[in-house]
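**Q** Quick one, what's the 3D model for this:
(one chain, ligands or ions: 2)
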Amino acid sequence: MTNVRPDVTPDAPIEEQPTIGLIGMGGMGIMYAKFLSEAGWKKIVVCDLPSKFEALKETYANDPNVTVMKDGHAVSRISDWIMYSVEAEYIDRVVAEYGPSTKIGAIVAGQTSVKTPEKVAFEKHLPADVHIVSCHSLHGPTVSPVGQPLVLIKHRGPDSALRLVENLLRPLKSRYVYLSYEDHDIVTANTQAVTHAAFLSMGTAWASEQSYPWEHGLYVKGIETVKVNIMLRIYSNKWHVYAGLAILNPSARIQIDQFSRSTSEIFKLMLSGDDVALRKRIYEARDIVFGAKADGQKERAPILLSEDIFDRFSLGQPLSNGRNSPPSSPSGAPPNSHLSLLAMVDCWARLGIQPFVHLDLAATPLFRMWIGVAEYLFRSQKRLDSAIYAALYDVSHRSDDLEFVIAAKGWSQCISFGSFDLYKERFSETADFFQSRFDDATKLGSAMIQAIMDSSPDVKPPS
Ligand SMILES: NC(=O)C1=CN([C@@H]2O[C@H](COP(=O)(O)OP(=O)(O)OC[C@H]3O[C@@H](n4cnc5c(N)ncnc54)[C@H](OP(=O)(O)O)[C@@H]3O)[C@@H](O)[C@H]2O)C=CC1
Ligand SMILES: O=C(O)C(=O)Cc1ccc(O)cc1
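**A** Ligands and ions are numbered 1, 2, ... in the order given. Below you'll find the predicted structure:
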């Protein structure tokens, strides 16, 4: 073990402080450097690809706590704790290159969103005399880490190594969640795989229609706002983040495939106008997912009390003249089948996934919001029946729904092929269509996430 005291704090004299190494200075590496430096850790050494050395040096020219190194060898040789924050697709190659330079007794972590390949890479390429205590912040780099779950995985090493990591990362003020490598991938598949598939499919569907629907008075109120803002948020993030966790997490693939099946099957029931079968299927899914409480689960307050909270974060304006809309619709927009939500809950039910079990453990902000929206729809008989009625008898959203079915199938097939290039092409084509709307959406999306966090009694920073 490194000779740094596990209970060291940022106000310790510099010679007693650990050297913190960050390999990969993209969104997540930058966020960690910022919080750790601001807290007073004084020996932070960072690198990205050697080609970015000069630019990175300029970025940190005024931060005395951060030293930029040429490559991962230079970082690994001197650091007591090292975090690889690179693309999951490249983790094997990068650890193979720099891993052998790791200082004796150091602790190594990865920030990758999918841990199966990270574990293999660490076991294969790290020297036997270094420890493995990995991590994963369950939020993107533009969300405040305060109060968010931060997974810690003590895979190889003594308890004191875990204690040191807890102390190093304390400035993030995140909530530690202790998991094994294996449980991490199961839990994150359950929370992220279908959530992302739903939003990716919405984006592809709208891009296929060459439409920004919120600019035409649609998807501008309540839970419809969530669909637009989160879709834009996902497409403005790095494609490889979603590709990695969908393609390399074995549980994720199964779920994305079922999501696409659920979408198609529900859509066929809609087309055939089979009221009895559709209602039976949706009610059964509701009862499985939202009905019985799992063993030991407490009675929970709903995540979302009212959807009005979202109106402040709308990117568009409701129609004022009620064009294409029934008089009963408060937003002036036609009622929606909410096919994405019906399919998500149906998918969870068919796979026996209990999403609420993961909520308090390891929910990302997007998952928390999206499951909150699903709960809001499914726990109200009136709202659910109105979605089923719209699905069967109101054709205003049919063309959107058709595009959604095709998009969900396309994403599922793409992920099953396991091709990062294909994923990148699909993702980038849609992202290009929405590019001009990202700036506004990022600001509104972050504010919307913060508002939901602030209104959630169970999401508070640790004391
Ligand atoms: N963004 C998010 O929302 C979250 C991401 N994560 C995970 O964190 C990791 C990093 O994600 P994020 O920061 O968003 O991605 P970025 O693409 O922003 O950052 C990754 C950085 O690592 C660099 N890199 C690649 N190879 C090397 C190398 N050999 N040596 C040094 N640097 C290298 C990349 O360079 P280049 O671009 O040139 O390849 C890039 O600058 C991923 O595994 C992701 O899944 C975890 C939580 C949230
Ligand atoms: O909240 C989400 O699902 C996001 O999209 C942000 C995100 C992406 C990757 C992660 O590993 C963790 C969080």
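**Q** and the gap between the closest residue to ligand 2 within the stretch 301-450 of the chain and Ile223?
**A** At 3.0 Å from ligand 2, Thr364 is the closest residue in the stretch 301-450 of the chain, using Cβ to the nearest ligand atom. C-beta: built from backbone N, CA, C; applies to glycine. Distance, Thr364 to Ile223, using Cβ to Cβ, to the nearest Å: 18 Å.
**Q** Same question for Asp439.
**A** 23 Å.
**Q** Give me the more crowded residue out of the two.
**A** Taking other Cβ atoms under 10 Å, Asp439 and Ile223 do not tie; Ile223 has more neighbours (21 against 11).
**Q** Please, where are all the strands along this structure?
**A** In the chain, the segments counted as strands under DSSP state E are 20-23, 44-47, 66-68, 81-84, 107-110, 131-137, 149-156, 175-178.
**Q** Make TSV out of the ones you listed and add mean neighbour count.
**A** As requested, the strands of the chain are arranged in TSV below (neighbours: other Cβ atoms under 10 Å):
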stretch	mean neighbour count
strand 20-23	28
strand 44-47	24
strand 66-68	22
strand 81-84	26
strand 107-110	28
strand 131-137	23
strand 149-156	20
strand 175-178	17
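**Q** Using CSV, lay out the ones you listed together with distance to Ile247.
**A** Output for these, formatted as CSV (distance: least, Cβ to Cβ, whole Å):
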stretch, distance to Ile247
strand 20-23, 22
strand 44-47, 26
strand 66-68, 32
strand 81-84, 19
strand 107-110, 17
strand 131-137, 17
strand 149-156, 20
strand 175-178, 24
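**Q** what's the closest of these to Thr2?
**A** Evaluated over the strands of the chain, closeness to Thr2 peaks at strand 107-110, with 7.1 Å, by Cβ to Cβ.
**Q** Point me to the residue of the stretch 51-200 of the chain nearest ligand 2.
**A** For the stretch 51-200 of the chain, Cβ to the nearest ligand atom, closest residue to ligand 2: Ser113, 3.0 Å.
**Q** How about that residue, nearest residue that isn't a chain neighbour?
**A** Distances taken as Cβ to Cβ, 6 or more residues apart in numbering place Leu245 nearest to Ser113, at 4.4 Å, with adjacent residues excluded.
**Q** Give the buried residues for stretch 274-293.
**A** 278-279, 281-283, 285-286, 288-290 (16 or more other Cβ atoms under 10 Å).
**Q** Now, the residues you listed that are in helices?
**A** 278-279, 281-283, 285-286 (DSSP state H).
**Q** got the residues of the stretch 151-300 of the chain near ligand 1?
**A** Proximity of the stretch 151-300 of the chain to ligand 1 is confined to 237-238, 241, 244 under the rule Cβ under 6 Å from any ligand atom.
**Q** Identify the single longest helix in this structure, thanks.
**A** The longest helix of the chain (DSSP H) is helix 250-271.
**Q** Which strands and helices lie in contact with that helix?
**A** helix 181-188, helix 194-208, helix 239-247, helix 275-286, helix 339-351, helix 381-393, helix 398-417 (3 or more Cβ pairs under 8 Å, 6 or more residues apart in numbering; DSSP states H and E).
**Q** Tell me what angle it forms with helix 239-247.
**A** Interaxial angle of helix 250-271 relative to helix 239-247 (axes from the mean of the first three to the mean of the last three Cα atoms, to 10 degrees): 90 degrees.
**Q** any idea how far helix 250-271 is from the chain center?
**A** Offset of helix 250-271 from its chain centre (Cα atoms, centre = their mean, to the nearest Å): 20 Å.
**Q** returning to that earlier point: which of the residues of the stretch 151-300 of the chain next to ligand 1 are buried, as a ChimeraX select command?
**A** Buried members of those, defined by 16+ other Cβ under 10 Å, are picked up in ChimeraX with:
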select :237,238,241,244
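**Q** Point out where this protein drops to low pLDDT.
**A** 292-298, 318-333, 456-463 (pLDDT under 70).
**Q** Most proximal residue of it with respect to ligand 1?
**A** Gly26 (1.8 Å).
**Q** now that residue, nearest residue through space, not along the chain?
**A** Ser85 (6.8 Å).
**Q** residue ranges of the helices in the stretch 1-150 of the chain, please?
**A** With DSSP state H, counting those that start in this stretch, the ranges of helices along the stretch 1-150 of the chain come out as 27-38, 53-59, 72-78, 91-98, 115-125.
**Q** near ligand 2, anything from the first one?
**A** Translated: helix 27-38. No. Using Cβ under 6 Å from any ligand atom, helix 27-38 stays clear of ligand 2, with a minimum separation of 8.6 Å.
**Q** which helices and strands does that helix pack with?
**A** Where contact means 3+ Cβ pairs under 8 Å, 6+ apart, helix 27-38 is packed against strand 20-23, strand 44-47.
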